[in-house]
Structure formats: C-alpha cells, structure tokens
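Engineer: Got a sequence here, can you model it:
(chains A and B)
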Amino acid sequence: MSQTLAEKILSVKSGGEAHAGDIVIAQVDLSFVQDTTGPLTVRQFQASGFKQLADPKRAVLFIDHAVPSPNSNLSEDHALLREFAGQAGGTISDVGSGVCHQIVAEAWARPGDVIVGADSHTVTAGGLGAFATGMGSSDVAIAMALGKTWLRLPETVRVEVSGELPRGVYAKDLILHLIGLIGADGATYKSLEFGGDTVASMSMSGRFTVANMAVEAGAKVGLFPADAVTRDYLMVRGRGGDYQPLSPDADASYEKTIRISAGGLEPTVSRPHTVDNTAPARELTGTKVQQVVIGTCTNGRLEDMEVAAGILKGKKVHPGTRLIVAPASRGVLLEAIAAGYIQTMIESGAVVLPPGCGPCLGLHQGVLGKGESCLSTANRNFKGRMGNPEAFIYLGSPATAAVTAIAGEITDPREEL
Amino acid sequence: MLKGKAFKFGEGISTDHIIPGRYAHLRSNLPELARHVLEDADPTFASRVNRGDFIVAGGNFGLGSSREHAPLVIKMAGVSAILVKSVARIFFRNAINLGLPVLICDTDKIDDGDELEVDLVTGTVRDITSGSQLTSGRIPEAMLRILEEGGLIPYIQKHGDFKL
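Structural biologist: This next block holds a predicted model:
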C-alpha cells in the first residue's frame, strides 16, 4: 500500500508495514533533553531503576535554555545533567554550544530517523525528513533507557505550496499564514507533510523554520522530503553518509490537502496572545514596540542573520527600542562574525547574546516590562511567555523584525527592501 | 468514583498559563513550583483548589511546551481529573504518564463551582449542581493501560517494556 512520509519512516522503525491509526513501538535513533526538562528526565530514569542509557552515543543532554546560568537553582540543574552524563552516558552540549534543535539539525538528525526530545520544538528536525517529535520528561527517560517508544501513527495533512515567495516574504511568513489558516489546533495529533515546488526549492534554513512551528498547529511532526537540498546540507557538514533520499508515495493517502500559492503570501505577524491570531504586517503598521528579538530555534540561523544584517546595514535601531540578537548555535555565531553580520548589527545598536534560547521563554536576557510590546522571530507569543503576563508579543520574520527595530513600530519589510 | 468541585477555565489554556517559563528555576523544587499552578490564568486558583477537585476547560487545553511540570503541578494541587473539550497532544500524553486522567466532553454544560461526580470506568460525568449527565470520550486503549498502572514509570517498572 502506498505511504506518507510518516508511514514510511515508522514502518521501517517498527519493523513492519504500518499505517495511520496503528500503534507502533518504534526504535528511537536519537533522544535528547534540555536544561529545563532534563532534570525531571534524570529523576524519572533513576526512579525507574535504570542505570545505563540504551545507546549513549545517540543521547544528548543540552544546556541551552538558561545559559550562562542566571541563578544558583539552574546552575544545580545544569550540574545534575553533567553528572548524569558522566554516570549513565550521553553527550553533554554545554553552555555556548547553542539551541538543542539547531545542534540536532547541524550534527545529529538524519533523514528517516525517529527522534524524541523533551522539548516541543523537537519537530524542527522534520526539515531533514526525520520523524522528530516532542515528548515529556518521563517519555524521554524511558526512550533513553529502552531505545524505543510507543507512537500512534498519525494521519497526514499534506501542505502543497507552489510558486515563488515574493520579495520580502519568507518561510516564516508561510508557516504563520498556515497556522492562521488552520488554527492552533488545526493539525492536532497529525503529521503535517510539506511538498510542492516552493518546498523543493526551499533552503534547509527555511525548512527548519516551517517544521519548527508545526507544533504551533498542534501537529506531532512537520515532515519534509529528503532531497538534493538535504544532501547538500549534510555534505557541507561532513555528514554526506547520513543522507538517504526520502519522499512520500505519489498516491499516498492524506486526510486532506491544503494548497497554498506562495505568490499570494504577504509578510505576516502573529498578534498577542496566540500564534494563530495572524494579520498582514501592513495592517499593524504603527504598533510601537519596545523590544525586538532576532534568533531562537525558529529564526536564529545564518540566513536569518544575513537578512537582518542586510536591512540594518548603515541604519540605527530606534532609540525607543532594544534589539536583541541571539544566534542559534556557536557555528552560526562564528559564520555570522566571519560574514560581518554581527559587526553590522552591533553597529546598528543591537545587543548580541551568546548562542542559546535567549529571551524566548521568559527566564532571562530580555524579560519584558509591564505593558511593553515585543516583536520576536520566535515561535510562541502566549501570555506570560517572555516573563511577564502583562506584556504583548508579536511574531514575525527576521526581515519584519529588522525593519521594525529601525522604525520602533511594526513595519512591513517590503517598504524598506 | 471521583467527586469534587469544578474550576472552570476558558479556551486555549497553554502550558505558559499553567506554569510559566519564568519559574523554570523552581523545577527542581516542586512544592515551591506548585504554588504557581495556573497563576497566569487565575491567580487565586492555587489557594482555592481542594483535593479531588476538577479542572474544567475549553478546547486545546495544555497547548505549547512539552514541560511535564504542567500536569505535574496540577496533580500536586490535588486535581483528580481534567475535563476539556479537546486537549493538546503532548500535554495529554504527559498527564496520562503521571496518572492524571484527562476526559473529553462538552464542558459548556458545566458551570464554575458545580459539584461533579466522575466515573472513570464508564466515562460518565454527573453534574450534581445542575442535575445533568455527560458522557466523555474514551481514553485510547494504549493510554488506558498506562493510566491503570498509575503512569508510565510504574507501568515500565511492572512490565519492563511496552506491552501495549
């Protein structure tokens, strides 16, 4: 029987032909935690009586959410993860290395893998054609102990995108548009599978942005095919051997197909306090913001830095606005330095944070004040998300973020490009 | 049979409403963390909820982060079950893994403060205050087996593997 990407991957990993609706026990190729979910994973792992990881070479403990540690409680959580790696095995990705999802993309994920991470944005690796999904601390503890997990094979919603993205419109606008269209629960329990000629020519950076936000529509995974673009991304990183082509069968069975014409898309912004509360950026012109954030697992890659620096070059950030830039990984930071993007952004008035999650989850490094508004390239704008339930968060692309930082109010990037 | 009072919440209660990221430094100090349960949705909830009470809410409950601390602090508050129109995927799995039942039913028919009786075996929700009765959707078989053992860790301790 013909299969979707999700069906293909989970059939291989569960050792038999499987279809939507089946409960499968799947081999896990990579399991990981981060510093705010990992300590509970460690405790659950130990409470279950396990001593060693099933495959220490394919388990990673990321210290990325609160880096460098802002207080002693979190320092102790970091120490717990380091100690656990020393005893039970697993790789520590320590302070300064970068956001888990970016490092998983750069160094770990392979097309066809099953990946479970104790972080909802684990779906990012779907950009490489990996069945990557977020779970809680207990589920990841058991996956690390047994090397497998149970999954209900999801039905698939196919998203077919055709045409060329207009100038000033990016992968971020595409995914914000889609979430606005189907809603924050529009794909709950589903696999979102992306295809069409726009997707075929989309860079890996764009694919990761789209896959990253699949969970904001409730999806279990956001899957891309593995093709020549995927192969090149892996080869550049010395991982050509990790490549295998992957595509759905032409007559695979979909719950539904959503068709989007890229040419009709506009710069899009999510308004407070839900991701699906979208509007064209042009309709929000004049909305003052006190802070702009460029970075995170959604848009902290080199391409994003390039777009932002290109707009900020020779310009100054508005005096009433703070611009915070957080590259997603050490690799991104180094390349952005070499390309001059960091210099450009600092000269424009930006403050550059070390690689990590930065202010996205409201722990430190840019907590909003009461009544303040922020435009961020992150993936979530829930009430209280950036540390203050009385603040307002807008989400947009790096281009929208950069023009907004200059103007001090939400601006359509097409006006400046 | 579970018995308690309904605490009513609206649509789209996210994990940031339930336990915001700004308290991540308390995640290894659970009693302290639990004091902030649902703070950004109702700051008085933690002080008013009693053992056995129910959270009753609208659709897409628990959307957002994978933080298992969200169902964990709800369980620590004494809540015996969550009744919602629909539930976000990761939250649902996390709640069951902690032995906290989540039932899907038409929660519009339940008012804040109503006394409820919930039968997990039949899925029947009786609203004693209004006199009405609701039927909830079945918890999927695989999750029921984990719930019956009290959660994922006791399940694995007993079976040593997934036998779903």
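Engineer: Point to the residue nearest the middle of chain A.
Structural biologist: What sits nearest the mean C-alpha location of chain A, by CA atoms, centre = their mean, is residue A:212, with 3.4 Å.
Engineer: got the CA coordinates for stretch B:61-69 in PDB?
Structural biologist: The C-alpha trace of stretch B:61-69 is given here as PDB (Å, rounded to 0.1, in the frame of the first residue of the first chain):
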ATOM      1  CA  PHE B  61      -6.000  22.600  26.800                       C
ATOM      2  CA  GLY B  62      -2.300  22.400  27.500                       C
ATOM      3  CA  LEU B  63      -1.000  23.600  24.200                       C
ATOM      4  CA  GLY B  64       2.600  24.700  23.900                       C
ATOM      5  CA  SER B  65       5.600  23.400  25.700                       C
ATOM      6  CA  SER B  66       6.500  19.700  26.400                       C
ATOM      7  CA  ARG B  67       7.100  20.600  30.100                       C
ATOM      8  CA  GLU B  68       5.700  17.700  32.100                       C
ATOM      9  CA  HIS B  69       5.800  20.100  35.000                       C
END
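Engineer: Count the neighbours of residue 58 for me.
Structural biologist: Reading this off chain A. Residue A:58: 20 surrounding residues under other CB atoms under 10 Å in any protein chain shown. (C-beta placed from N, C-alpha, C; glycine too.)
Engineer: Can you look at chain B instead?
Structural biologist: 16.
Engineer: With residue B:12 instead?
Structural biologist: 23.
Engineer: How about the contacts made by it?
Structural biologist: A:184, A:274, B:58-61, B:63 (CB atoms under 8 Å, 6 or more residues apart in numbering or on different chains).
Engineer: can you name the two of the residues you listed that are farthest apart?
Structural biologist: Using CB to CB, the contacts of residue B:12 span at most 13.7 Å, a distance reached by A:274 and B:61.
Engineer: more neighbours, these two?
Structural biologist: Neighbour count, other CB under 10 Å: between residue A:274 and residue B:61, residue B:61 has more, with 32 against 22.
Engineer: Tell me who's in contact with the more buried one.
Structural biologist: Contact analysis of residue B:61 by CB under 8 Å, 6+ apart lists B:9, B:12-13, B:82, B:84-88, B:91, B:102.
Engineer: Then residue A:252?
Structural biologist: Residue A:252 is in contact with A:2-4, A:7, A:156, counting by CB under 8 Å, 6+ apart.
Engineer: Among those, name the ones in helices.
Structural biologist: residue A:7 (DSSP state H).
Engineer: a markdown table for the contacts of residue A:252, including neighbour count, pLDDT and distance to residue A:200?
Structural biologist: Shown next, in a markdown table, are those (neighbours: other CB atoms under 10 Å in any protein chain shown; pLDDT from 0 to 100; distance: CB to CB, whole Å):
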| residue | neighbour count | pLDDT | distance to residue A:200 |
| --- | --- | --- | --- |
| A:2 | 12 | 96 | 20 |
| A:3 | 20 | 98 | 20 |
| A:4 | 25 | 98 | 17 |
| A:7 | 26 | 98 | 21 |
| A:156 | 27 | 98 | 18 |
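Engineer: Kindly reformat the contacts of residue A:252 as a markdown table containing distance to residue A:399.
Structural biologist: Shown next, in a markdown table, are those (distance: CB to CB, whole Å):
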| residue | distance to residue A:399 |
| --- | --- |
| A:2 | 39 |
| A:3 | 37 |
| A:4 | 33 |
| A:7 | 36 |
| A:156 | 31 |
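Engineer: Quick check: which of the contacts of residue A:252 are also close to chain B?
Structural biologist: Near chain B, judged by CB under 8 Å from any CB of the partner chain, there are no entries from these.
Engineer: if I pick the nearest residue to residue A:131 once chain neighbours are set aside, what's in contact with it?
Structural biologist: In space, and not counting its chain neighbours, residue A:131 is closest to residue A:9: 4.4 Å by CB to CB, 6 or more residues apart in numbering or on different chains. By CB under 8 Å, 6+ apart, the contact list for residue A:9 reads A:112-114, A:129-131, A:246.
Engineer: got the phi/psi numbers for residue A:32?
Structural biologist: Dihedral pair for residue A:32: phi -150, psi 160, per degrees, to the nearest 10.
Engineer: coming back round to it: taking the contacts of residue B:61, tell me the two that lie furthest apart.
Structural biologist: The span of those, defined through CB to CB, is set by B:12 and B:102 at 15.6 Å.
Engineer: What does residue A:388 show for phi and psi?
Structural biologist: When read as degrees, to the nearest 10, the backbone of residue A:388 gives phi -150, psi 110.
Engineer: dump the residue contacts of it.
Structural biologist: Shown in contact with residue A:388 (CB under 8 Å, 6+ apart): A:362, A:367-370, A:372, B:22.
Engineer: cool, residue B:99 as well?
Structural biologist: Here residue B:99 is in contact with B:75, B:147, B:150-151, B:154 (CB under 8 Å, 6+ apart).
Engineer: quick revisit: redo the contacts of residue B:12 as TSV? Include secondary structure.
Structural biologist: What follows is the contacts of residue B:12, written out as TSV (DSSP: H, G, I helix; E, B strand; the rest coil):
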residue	secondary structure
A:184	coil
A:274	coil
B:58	coil
B:59	coil
B:60	coil
B:61	strand
B:63	strand
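Engineer: Would you mind putting these into TSV with pLDDT alongside?
Structural biologist: As requested, the contacts of residue B:12 are arranged in TSV below (pLDDT from 0 to 100):
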residue	pLDDT
A:184	97
A:274	97
B:58	98
B:59	97
B:60	97
B:61	98
B:63	97
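Engineer: what's around the residue in the stretch 301-417 of chain A that chain B sits nearest to, how many residues?
Structural biologist: Proximity of the stretch 301-417 of chain A to chain B (CB to the nearest CB) peaks at residue A:361, 3.6 Å away. Residues within reach of residue A:361, counting by other CB under 10 Å, total 23.
Engineer: number of nearby residues for the residue nearest to it when sequence neighbours are not counted?
Structural biologist: Excluding the flanking residues, the one nearest residue A:361 by CB to CB, 6+ apart is residue B:21, at 3.6 Å. Residue B:21 has 26 neighbours, counted by other CB under 10 Å.
Engineer: What of residue A:88?
Structural biologist: Residues contacting residue A:88 under the criterion other CB under 10 Å number 19.
Engineer: And for the one 4 residues further on?
Structural biologist: In terms of burial, residue A:92 registers 17 neighbours under the definition other CB under 10 Å.
Engineer: On the pLDDT front, check residue B:72 for me.
Structural biologist: If you check residue B:72, the pLDDT there is 98.
Engineer: contacting residues for it?
Structural biologist: Residue B:72 sits next to A:40, B:30, B:34, B:94, B:98 when contact means CB under 8 Å, 6+ apart.
Engineer: hmm, try it at 7 Å
Structural biologist: Each residue near residue B:72 by CB atoms under 7 Å, 6 or more residues apart in numbering or on different chains is listed here: residue B:98.
Engineer: Quickly list what residue A:92 is bridged to.
Structural biologist: Note on residue A:92: beta-bridge partners by DSSP bridges are residue A:61.
Engineer: I'd assumed residue A:84 was in contact with it.
Structural biologist: No: counting by CB atoms under 7 Å, residue A:92 does not reach residue A:84; the two are 9.0 Å apart.
Engineer: got any residues that touch both of those two?
Structural biologist: Common contacts of residue A:92 and residue A:84 (CB under 7 Å, 6+ apart): residue A:61.
Engineer: Just give me the residue closest to the centre of chain B.
Structural biologist: Centre of chain B computed as the mean C-alpha position; nearest residue by CA atoms, centre = their mean is residue B:82, 3.4 Å away.
Engineer: ok so that residue is a strand residue?
Structural biologist: Yes: Residue B:82: assigned to a strand according to three-state DSSP.
Engineer: quick one: contacts for it?
Structural biologist: By CB under 7 Å, 6+ apart, residue B:82 lies in contact with B:55, B:61, B:74, B:95, B:100, B:102.
Engineer: Please identify which two of those are farthest apart in space.
Structural biologist: Between any two of the contacts of residue B:82 (CB to CB), the greatest distance is 12.1 Å, for B:61 and B:100.
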